[in-house]
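>>> Can you look at this prediction? I've put the sequence above it.
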Amino acid sequence: MALIRVLYKAQVSRIYLEATGLYHLDLALALDDAGFEVMVINPKAAKRFAEAMQSRTKTDAVDAASWPNSPTACPSRPGSAPMPWP
């Protein structure tokens, strides 16, 4: 997958994905299989976090700017990947 090669080249280790029904699942599983630390975030939690950071806008750009600062506020815990949908 081209995305995984780009992420390896950029030395990315942790990836945040906003849950999108089942649409994010294949990507999250592929990234997890490739060895990345993947954190799937509830969209409501993303909105509330942005509000707590005093951001009134909920856009992808705002999310991208705020979530990289969140590991200290919301540290992730190692877990297991969900089982793939049948």
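Here it is on my side, so go on.
>>> In three-state terms, label I15 for me.
What DSSP: H, G, I helix; E, B strand; the rest coil gives for I15 is strand.
>>> what does the one 5 residues further on give?
The three-state assignment at T20 reads coil, by three-state DSSP.
>>> Need the pLDDT of it.
pLDDT recorded at T20 is 85.
>>> what does D63 give?
66.
>>> For L7, give its distance to I15.
Per Cβ to Cβ, to the nearest Å, L7 is found 7 Å from I15. For every residue, glycine as well, the C-beta is placed using N, CA and C.
>>> what do the two both touch?
Residues touching both L7 and I15 by Cβ atoms under 8 Å, 6 or more residues apart in numbering: 31, 36.
>>> confidence score at the residue nearest to L7 when sequence neighbours are not counted?
Leaving aside its sequence neighbours, L7 sits nearest to F36 (Cβ to Cβ, 6 or more residues apart in numbering; 6.7 Å). Note on F36: pLDDT of 91.
>>> ditto for the one 4 residues further on
As summarised for this prediction, V40 has a pLDDT of 84.
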